[in-house]
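Asks: what would the 3D arrangement of this be:
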Amino acid sequence: MKKIFFITIFSLMLTSQFVFAHTREMMMQIVNNTGAPIYKPVQLYIDRGLFYELYRTGYSTSYWKWTAPNANVACDVGDSNTVQPTWTSIEPGTYILRCENKYAILTVNYLSLDTLILMRDGGGDGDFNIKYQNEVFSLVLNNRGVSLGTTQNWVNKIAANFKQFKSDGLSAVGTVAIGNGSNFSNRYTAPFDFYVSPNQNYLFHADTNIVTSEKYYNYLNISDVVNFRNQYLGSVDYSTSANFNSTAPSVVIKNYFLEIPILNPTSDIIRFKDPWLIDYNDSLHGYKRRNRGMDNTGDDSLIFKSHTSPFYPDYSTNYGGDVYKGIFLNQPYTGNNPVYYSVKTDAVQDIPLTQTGKTHRFYFQNWSGTNVNFQNANALETPVVFTSDGAIAQANLKGTQLSNTANAFNSNSQRKYVKTEDGYLHLIYESMGSVWYEVSPDNGATWYIQNNGKPISTVGTIG
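Replies: Next up, the predicted model:
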């Protein structure tokens, strides 16, 4: 007894021309006007709405290996007489069957097991057979409840290809999606071949996951790194490639307290700007999240994100919905249309310290670190290049009423504070080999470093 459970279609591969136990059968006759088999290309597409997905392709052959004389294209799974196929059976649905410049709409439906048994007992075996002759498709045998539309001309479609490579430039990686306006397709394993209507804009969306320590980096020959690649497709075939690159998971960005290096308060802030961070809900494309690239205008402009120090832009830490997925090393801030990271801190931060029981005002001095290069180490905000995994970028902060000199605030019978007629307290002391001047307007409750937060006399380098 034949076992018929599902109805699917098809393969056009020359080595896979038969049906295992007649489980799923679709055959084609591709013949000339006298009925003799001829050699033709045949494709099956799935209609995905935005595009046609090329599902299977092959060629007819007159060297038919099965005993059936009325078919010369294998369109389904193989049987024990041939090499078994490796494709996955498709679900019932609507498909586009194409031979050269002609096509027809093919609809495959499920039929109940009882119906198929009646067909079998009535002489049918559950197969269906399509003939293509004189540029016309027709159903020769239909024991599966399929329907075939009229033959039409294949026009107004262009072939497109979306590739995606690891950093070696050779290994395909991850999945891709196609969009148009606010609509996006499902994701497909790269490389992905499809057909679209010409003279329209389409969106290309690369994978956003970390894959073996690599993530999306850019599109080939395009300086803008925004992942939603909006591309106008004209009347010629189109191909694009997204590239992955290795990222470093152990970069640290932090504040550094010059007088107390081990200090690690809970309320100090550091800021970071990452062109690859996926944090923007794109209103033009269904509010789907994407990265911002180096955009500097509009609501999608690249912005600094504030984080408690120390900050770790690693593979998996979630910062209020933002996951940085590592840092690209040696990303320059020079050259044509550079794409780069930036760091920023506040000029002044008021931070309570449990060590003193007071709130101290901390003033930015400069940037320093290990395995990092700053465009301007003395600026609050500066582009930065990380040159090695484990790199540390630190904002050096000087706090009021703090010194790394043990006797800076000891009187030793010397007067350290001066009070002027306006009620201000004035303090001059040494720290880090330099002289600092502070004032307090409230009898010592709060202090402010003068000279724009810098020493009035500097010896050596601070930070």
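Asks: so what touches stretch 208-219?
Replies: 166-167, 173-174, 204, 206-207, 225, 227, 229, 240-247, 249, 276, 278, 315, 325-326, 328, 339 (CB atoms under 8 Å, 6 or more residues apart in numbering). Backbone N, C-alpha and C define where each C-beta goes, glycine included.
Asks: elements contacting the one helix or strand residue 94 maps to?
Replies: Taking DSSP states H and E as the criterion, residue 94 maps to strand 93-99. Packing partners of strand 93-99 (3 or more CB pairs under 8 Å, 6 or more residues apart in numbering; DSSP states H and E): strand 41-47, strand 102-108.
Asks: so what's residue 45 up against?
Replies: Residues counted as contacts of residue 45 (CB under 8 Å, 6+ apart) are 52, 53, 54, 55, 95, 96, 98, 195.
Asks: and residue 285, by the same measure?
Replies: Contacts of residue 285 by CB under 8 Å, 6+ apart are 179, 181, 182, 184, 203, 228.
Asks: gap between it and residue 180?
Replies: As defined by CB to CB, to the nearest Å, residue 285 lies at a distance of 9 Å from residue 180.
Asks: residue ranges with poor pLDDT in the stretch 101-250 of the chain?
Replies: 110-128, 143-144 (pLDDT under 70).
Asks: circling back: what do residue 285 and residue 180 both touch?
Replies: residue 203.
Asks: I'd guessed residue 371 sits against residue 385; true?
Replies: No - shown here, residue 371 and residue 385 do not form a contact pair, counting by CB atoms under 8 Å, at 9.4 Å.
Asks: which of the two has more residues huddled nearby?
Replies: residue 385 (20 against 16; other CB atoms under 10 Å).
Asks: does the more buried one lie in a helix or a strand, and which?
Replies: Going by DSSP H and E, residue 385 is part of strand 381-386.
Asks: distance between that strand and the chain's centre?
Replies: Centroid separation for strand 381-386 versus its chain: 23 Å, with CA atoms, centre = their mean, to the nearest Å.
Asks: do stretch 322-335 as well
Replies: Its chain's average C-alpha position is 14 Å from that of stretch 322-335, according to CA atoms, centre = their mean.
Asks: just the CA atoms of that stretch, as PDB, please.
Replies: Output of stretch 322-335 as PDB, limited to C-alpha atoms (Å, rounded to 0.1, in the frame of the first residue of the first chain):
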ATOM      1  CA  ASP A 322      21.700  48.300  24.300                       C
ATOM      2  CA  VAL A 323      24.200  45.500  23.700                       C
ATOM      3  CA  TYR A 324      27.400  46.700  22.100                       C
ATOM      4  CA  LYS A 325      28.700  43.200  21.000                       C
ATOM      5  CA  GLY A 326      32.400  44.200  21.200                       C
ATOM      6  CA  ILE A 327      34.600  46.900  19.700                       C
ATOM      7  CA  PHE A 328      36.300  47.000  16.300                       C
ATOM      8  CA  LEU A 329      40.100  47.500  16.800                       C
ATOM      9  CA  ASN A 330      42.200  50.100  14.900                       C
ATOM     10  CA  GLN A 331      39.200  51.900  13.600                       C
ATOM     11  CA  PRO A 332      40.700  55.200  12.500                       C
ATOM     12  CA  TYR A 333      39.200  58.700  12.900                       C
ATOM     13  CA  THR A 334      41.300  60.000   9.900                       C
ATOM     14  CA  GLY A 335      40.900  59.600   6.200                       C
END
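Asks: about what we covered before: select only the buried ones of the contacts of stretch 208-219 in ChimeraX?
Replies: With 16 or more other CB atoms under 10 Å as the criterion, this ChimeraX line picks the buried residues out of those:
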select :166,173,174,204,206,207,225,227,229,240,241,242,243,244,245,247,249,276,278,315,325,326,328,339
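Asks: returning to what we had before: redo the contacts of residue 285 as a markdown table? Include distance to residue 108, secondary structure and neighbour count.
Replies: Output for the contacts of residue 285, formatted as a markdown table (distance: CB to CB, whole Å; DSSP: H, G, I helix; E, B strand; the rest coil; neighbours: other CB atoms under 10 Å):
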| residue | distance to residue 108 | secondary structure | neighbour count |
| --- | --- | --- | --- |
| 179 | 27 | strand | 20 |
| 181 | 30 | coil | 13 |
| 182 | 30 | coil | 13 |
| 184 | 26 | strand | 17 |
| 203 | 30 | strand | 24 |
| 228 | 34 | coil | 19 |
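Asks: how many other residues sit next to residue 161?
Replies: Residue 161 has 15 neighbouring residues, counting by other CB under 10 Å.
Asks: that one and residue 195, how far apart?
Replies: Distance, residue 161 to residue 195, using CB to CB: 10 Å.
Asks: out of everything not next to it in sequence, what's closest to residue 312?
Replies: Excluding the flanking residues, the one nearest residue 312 by CB to CB, 6 or more residues apart in numbering is residue 252, at 6.1 Å.
Asks: that older thread, save the helices and strands packed on strand 93-99 as a markdown table, and put in distance to residue 347 too.
Replies: Below are those laid out as a markdown table (distance: least, CB to CB, whole Å):
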| stretch | distance to residue 347 |
| --- | --- |
| strand 41-47 | 59 |
| strand 102-108 | 67 |
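Asks: neighbours around residue 37, how many?
Replies: Residue 37: 19 neighbours (other CB under 10 Å).
Asks: run the chain-centre distance for the helix or strand where residue 163 lies.
Replies: Using DSSP H and E, residue 163 sits in strand 158-165. Computed by CA atoms, centre = their mean, the chain-centroid distance of strand 158-165 equals 16 Å.
Asks: to what extent is residue 343 buried, counted in neighbours?
Replies: Other residues within reach of residue 343, judged by other CB under 10 Å, total 24.
Asks: cool, thanks, signing off.
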